[in-house]
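K.L.:
Here is a sequence together with a model predicted from it:
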Amino acid sequence: MRLKFFIKIFLLAVFVVSCATKIKKPVTKPGNNKPVEKTEIKTPPKPITGLNNINLPEVKREFRAVWIASVANINWPSRNNLSTDQQKQEAIQLLDLLVNLNFNAVILQIRPSADALYKSPHEPWSYFLTGQTGRSPYPEYDPLEFWIEESHKRGLEFHAWLNPFRAHHSNGGAISSESMVKKSPENVVKLQNGMYWFDPADDRTQNQASNVVKDIVSRYDVDGIHFDDYFYPYAEYNGGKDFPDYKSWTVYQKSGGTLSRADWRRANVNKFVKRIYDEIKAQKNDVKFGISPFGIWKPGFPTGIKGSSQYDELYADAKLWLNQGWIDYFTPQLYWPIESAGQSFPLLLQWWNDENMKGRHLWPGLNTVAVKSSNPVSEIAREIEVTRQIVKNNTGEVHWSIAGITKSKAMQDELKLNVYKDKALIPETKWLSSKDLPELDVTWKKQQSNFLLNWNKQAEALSYVLYLKYGNNWQTEILSPELLSKIVPSESNGKKLSTIVVRSVNRLGKLNDYKAVVVD
């Protein structure tokens, strides 16, 4: 038994040794007998990111805009014989001033009277641009494209302002073969003050304006389409006589129409306003539509208000448009001072605010250029504060016109040092949908007592918001979309920088998602 046991042990040992000899040993090349040294690669610390579950402070929001009128060369261009370079220089000076005074939107008149301050397939180049209807600027460029690009570069919204029914202005030079008065005479009437007006009741009138709007929305990166208060013209434009729409009124009556003439006119305008709103949204849902009607709907609304009636004289039922939400922002021209007995600014604004049943933006128009007050600068500042108290959330205002700012150093100082001393985002338009912007890729690098921050560009961002947390306190700053880096101090008031957030703002004022970058 013992012999068999030892034989088994011997055979097992032989088997193990045999297998071991079959394992390949590493080949050692001559001259390479040194042991391999491991190299440790040192990488910079990665930013620590957390999910968007921290409470960021609210950023101030307020719509701050000006009207820039081209009709009669009121604002821009200052003359109709400027070169292309001079036009561009004037535009840049105006935009730079607005940025310096912490504005965030511009409303430029690009269709003063069935003409165009841009390359239009539907209407001629404007007399107010080149001094001759139909003549392009030289060297040729597209002013609308230029204004949009320069506005967006500075973080300003751009709204294209159109007069829907004026066919020719009395200051618009001679009527040539290029004028729409000659090209569409069947639906144009002449008024006693020398102006020509499209008949709002005529389908050709509404189709023309509709085609112009659709063309602008489709080809240009506008943030808004804006109409002023001229629908049917003011009675004084025709010497106090009734608007001469006998032809279209007769056609309506013969077709069996039963409305009174006034109701029929209002129905024409109502149909047009609703149509434009729907057509804009069908093309680009994130392009806002705004109207700035005369500030009084009817005398007596509210009690004590006196003056002209847009409802009865302009045939504009602006209250209906606001009630129904056929606009995205509503800018009644409240050009009277706070203490005006028959046209009280706060009473009228409160009344319009009460009529805002759909919660649209309510941004009153202020008569910054010529408000009747012993101290116009103080009056406008008070009206802005009153607007903030009445409208509260998503407040804002539009200044008529930029001349009230460019020609008054006192007004500039008041805005910059007091009422607009801090930048503000445009209010968010929550009832419209737009493209959500992705999170920004934020990186940082320590530089002595500062941090260098960088983030990626988002072409569709209107601006960026920078949040910095020192200790328990947050600091915020609104930045232009051209700025993709920022040097910030590592300490503030004795507290170290701990958290960084950069968010982009889309064209409807919505802040994007984010991840907080924690600095160690």
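P.N.:
Thanks, I have it. Numbers count the residues shown, from 1 in each chain.

K.L.:
Show me where the stretch 401-520 of the chain has its helices.
P.N.:
Listed from the start of the chain, the stretch 401-520 of the chain has helices (DSSP state H, counting those that start in this stretch) covering 403-406, 409-414.

K.L.:
Ranking the ones you listed by mean neighbour count, which comes first?
P.N.:
Highest mean neighbour count of the helices of the stretch 401-520 of the chain: helix 403-406, a mean of 20 (counted as mean count of other Cβ atoms under 10 Å). The C-beta positions use only the backbone N, C-alpha and C, and glycine is treated the same way.

K.L.:
Which residues does that one contact?
P.N.:
66, 74-75, 94, 97, 101, 367-370, 376, 380, 399, 411-412, 415 (Cβ atoms under 8 Å, 6 or more residues apart in numbering).

K.L.:
mind putting the helices of the stretch 401-520 of the chain in CSV, distance to residue 448 included?
P.N.:
Shown next, in CSV, are the helices of the stretch 401-520 of the chain (distance: least, Cβ to Cβ, whole Å):
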stretch, distance to residue 448
helix 403-406, 41
helix 409-414, 37
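
K.L.:
Tabulate the ones you listed in a markdown table, adding columns for distance to residue 228 and mean pLDDT.
P.N.:
Formatted as a markdown table, those follow (distance: least, Cβ to Cβ, whole Å; pLDDT from 0 to 100):
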| stretch | distance to residue 228 | mean pLDDT |
| --- | --- | --- |
| helix 403-406 | 16 | 98 |
| helix 409-414 | 22 | 98 |
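
K.L.:
Please name the spatially closest residue to residue 443 (chain neighbours excluded).
P.N.:
Using Cβ to Cβ, 6 or more residues apart in numbering and skipping residues adjacent in sequence, the residue nearest residue 443 is residue 454, 5.1 Å away.

K.L.:
okay but residue 318 is in contact with residue 291, surely?
P.N.:
Yes. Here residue 318 reaches residue 291: they are 7.0 Å apart, a contact under Cβ atoms under 8 Å.

K.L.:
Overlap in contacts, these two.
P.N.:
Residues touching both residue 318 and residue 291 by Cβ under 8 Å, 6+ apart: residue 330.

K.L.:
Contact partners for residue 125?
P.N.:
Counting by Cβ under 8 Å, 6+ apart, residue 125 touches 115, 116, 117, 133, 134, 135, 136, 137.

K.L.:
what comes into contact with the longest helix belonging to the chain?
P.N.:
For the chain, the helix with the greatest residue count under DSSP state H is helix 261-283. For helix 261-283, contacts defined as Cβ under 8 Å, 6+ apart pick out 164, 200-201, 206, 209-210, 213-214, 217-218, 225, 227, 231-232, 243, 245, 249, 252, 257, 259, 287, 289, 291, 311-312, 315-317, 320-321, 324, 326-327, 432.

K.L.:
Check the gap between residue 84 and residue 138 for me.
P.N.:
Residue 84 sits 6 Å away from residue 138, going by Cβ to Cβ, to the nearest Å.

K.L.:
Three-state assignment for residue 386, please.
P.N.:
helix (DSSP: H, G, I helix; E, B strand; the rest coil).

K.L.:
Spatially, what comes nearest to it if we skip its sequence neighbours?
P.N.:
residue 346 (5.2 Å).

K.L.:
wouldn't the one you found be in contact with residue 339 here?
P.N.:
No. Residue 346 lies out of contact with residue 339 (Cβ under 8 Å); the separation is 9.7 Å.

K.L.:
who has more neighbours, these two?
P.N.:
residue 346 (17 against 11; other Cβ atoms under 10 Å).

K.L.:
Got phi/psi on that one?
P.N.:
Here is the backbone geometry of residue 346 (degrees, to the nearest 10): phi -70, psi -40.

K.L.:
And for residue 368?
P.N.:
Per degrees, to the nearest 10, the backbone of residue 368 is at phi -60, psi -30.

K.L.:
Around it, count how many other residues there are.
P.N.:
If you count neighbours by other Cβ under 10 Å, residue 368 ends up with 27.

K.L.:
residue contacts, it?
P.N.:
Residue 368 neighbours (Cβ under 8 Å, 6+ apart): 66, 376, 380, 399, 400, 401, 404, 405, 411.

K.L.:
and which of those residues is nearest to residue 331?
P.N.:
residue 400 (9.7 Å; Cβ to Cβ).

K.L.:
Against residue 66, how distant is the closest residue to residue 458 other than its chain neighbours?
P.N.:
Among residues not flanking residue 458 along the chain, residue 504 sits closest, at 4.9 Å (Cβ to Cβ, 6+ apart). Using Cβ to Cβ, residue 504 is found at 25 Å from residue 66.

K.L.:
where does the stretch 101-250 of the chain dip in pLDDT?
P.N.:
Within the stretch 101-250 of the chain, no stretch has pLDDT under 70.

K.L.:
Mind jotting down where the strands sit in it?
P.N.:
Applying DSSP state E, counting those that start in this stretch to the stretch 101-250 of the chain gives strands spanning 105-111, 157-162, 166-168, 188-190, 196-198, 224-227.

K.L.:
Dump these to TSV, plus mean neighbour count.
P.N.:
Below are the strands of the stretch 101-250 of the chain laid out as TSV (neighbours: other Cβ atoms under 10 Å):
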stretch	mean neighbour count
strand 105-111	26
strand 157-162	23
strand 166-168	26
strand 188-190	19
strand 196-198	24
strand 224-227	24
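
K.L.:
For residue 482, which of these is the nearest?
P.N.:
Taking the strands of the stretch 101-250 of the chain one by one with Cβ to Cβ, strand 157-162 is closest: 15.4 Å.

K.L.:
Could you tell me what pLDDT the model assigned to residue 54?
P.N.:
For residue 54, the pLDDT comes out at 86.

K.L.:
ok now the single longest strand found in the chain, how far from the chain's centre?
P.N.:
Longest strand in the chain by number of residues (criterion: DSSP state E): strand 495-505. Distance of strand 495-505 from the chain centroid (Cα atoms, centre = their mean, to the nearest Å) equals 25 Å.
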